[in-house]
Each structure stands twice: as C-alpha cells, then as structure tokens.
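Novice: Here is a sequence together with a model predicted from it:
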Amino acid sequence: MSGEHIAGSPEQPLVLIVEDEESIALALSFIVEDAGYCPLVATDGIEALELARLRHPALIITDLMMPRMTGRELIARVLGGALDGHRAPIVLLTAADSTFAADSGADAVLAKPFEITAVEGVLQRFLG
C-alpha cells in the first residue's frame, strides 16, 4: 500500500497519510477519498519526505510513533525546509497526550482512535 494512490485525479488536492498501521492508513484513505480528495500513503517519515518532495501534498496527516522516522521528526524536517520551500499544513495523529502532541509544531492534532467526523473536520479546515 505504501506510496500508492488509492483513488483520485490530479485536480483533487493530495493528502499525504503517514501511518505504519495498514488498517488505520486504509481507513484514513477511504475518509479522504470520500471527502473528495486524493490520498497518498507512506509508512514512515522517510518515505513521507520522499513522496512530499515529489508530489507536493496539500495536507499531511502523520502518525506520531513510526519506525525509521517518527512523526515528530517528520514535522521538524518539514518545518526546517526539507521540502524545498513547499509547506503543507501538518496534522499529527496520536494516542499520546494532546499537550505533548501540540508541542510538536503540527498545525492540528487528531486523537487516536479518531472519529470520521473529526477527520472530515480537519480536511474541511485545511482544504476547504
């Protein structure tokens, strides 16, 4: 599933989902697609940086705890300019304490487990 478009067309805003648990990535992909956006999935922060450099997503939704590069490290790299001037809003998805998550530099935090309406609200907030 890694790096794969689930559906969509080039005209739809691209949402990069960074999640190492396949069932969660799939659920998020379906929500994103159902909302009219184009999901793209990465399984860790390293893969996410590569995809974001190539595809310039309109929004990044990232898990906090992942192998190879955590969500916190991914956020730091994006905020530090790793995407060559492209800066998409970042939503941190986590079961961790929301205060800890809020200190990550993310533009928003989604709690795990998430409600479909919460994900839809984030999509609406950042993508209209």
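Specialist: Nice, I can see it.

Novice: got the residue ranges for the strands in this structure?
Specialist: Assignment of strands within the chain using DSSP state E yields the ranges 14-18, 38-42, 59-63, 90-94, 108-111.

Novice: Report the angle between the second one and strand 14-18.
Specialist: To tie it back to what came earlier, the one meant is strand 38-42. 30 degrees (axes from the mean of the first three to the mean of the last three CA atoms, to 10 degrees).

Novice: For the protein, which residue occupies the most central location?
Specialist: Ile61 (1.7 Å; CA atoms, centre = their mean).

Novice: least trustworthy helix or strand in the chain by mean pLDDT?
Specialist: None of the helices or strands of the chain scores lower by mean pLDDT, DSSP states H and E than helix 98-102, at a mean of 62.

Novice: can you pull the contacts of the closest residue to Ala106 other than its chain neighbours?
Specialist: Nearest residue to Ala106 in three dimensions, chain neighbours excluded: Leu92, at 3.8 Å (CB to CB, 6 or more residues apart in numbering). In short, each C-beta sits where N, CA and C put it, glycine included. By CB atoms under 8 Å, 6 or more residues apart in numbering, Leu92 lies in contact with Thr62, Leu64, Gly71, Ile75, Ala101, Ser104, Ala106, Ala108, Val109, Leu110.

Novice: What segments of this structure are helices?
Specialist: Here the chain has its helices, by DSSP state H, at 22-34, 45-55, 71-79, 98-102, 116-127.
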